[in-house]
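Q: Structural data only, the sequence is not supplied:
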């Protein structure tokens, strides 16, 4: 059974930082991992992705403020977010894709976590 479990969300002031974690089980470490977010009334959007070997790619909206990383030995993916803005407020989802090449569309990710809420106050 595949499980992705996010944690680390919360309420933070603008300019602050958060580190989100996603622990996976039941899937190979060869999967590409990604973070997405969804704000109320908006579509789910891509945030960042990382391959097994550590190649990363970021959405322009978070580039320079976010760092995605993974520890394959403990089946965990992280998203460090700095200089948070109110517009970063959303539910953040961890996802896994079987595609080895770069994919950013949610439909290209096979497995999803339940999400963790991030709220940034101004």
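A: The structure has been received and is ready for your questions. Please read these numbers as outputs of a predicted model, since none were measured by experiment.

Q: Show me what the residue nearest to the spatial centre of the chain is bridged to.
A: What sits nearest the mean C-alpha location of the chain, by C-alpha atoms, centre = their mean, is residue 35, with 2.1 Å. Beta bridges link residue 35 to residue 48, residue 94, judged by DSSP bridges.

Q: Tell me which residues touch it, please.
A: By C-beta atoms under 8 Å, 6 or more residues apart in numbering, the contact set of residue 35 is 20, 22, 47, 48, 49, 68, 77, 79, 92, 93, 94, 95. Every C-beta, even on glycine, is put in place using the N, C-alpha and C of the backbone.

Q: Contacts only, for the fourth one.
A: So that's residue 48. For residue 48, the contact set (C-beta under 8 Å, 6+ apart) comprises 34, 35, 56, 57, 58, 59, 62, 66, 68, 79.

Q: how about 6 Å then?
A: Shown in contact with residue 48 (C-beta atoms under 6 Å, 6 or more residues apart in numbering): 35, 58, 66, 68.

Q: Could you measure from the last one over to residue 40?
A: Think residue 68. Counting by C-beta to C-beta, to the nearest Å, the gap between residue 68 and residue 40 amounts to 24 Å.

Q: quick one: which of these two has more around it?
A: Between residue 68 and residue 40, counted using other C-beta atoms under 10 Å, the more crowded position is residue 68 (22 against 7).

Q: secondary structure element for that one?
A: Following DSSP states H and E, one finds residue 68 within strand 66-71.

Q: Buried ones in that strand, by neighbour count?
A: Buried residues in strand 66-71, counted by 16 or more other C-beta atoms under 10 Å: 66, 67, 68, 70.
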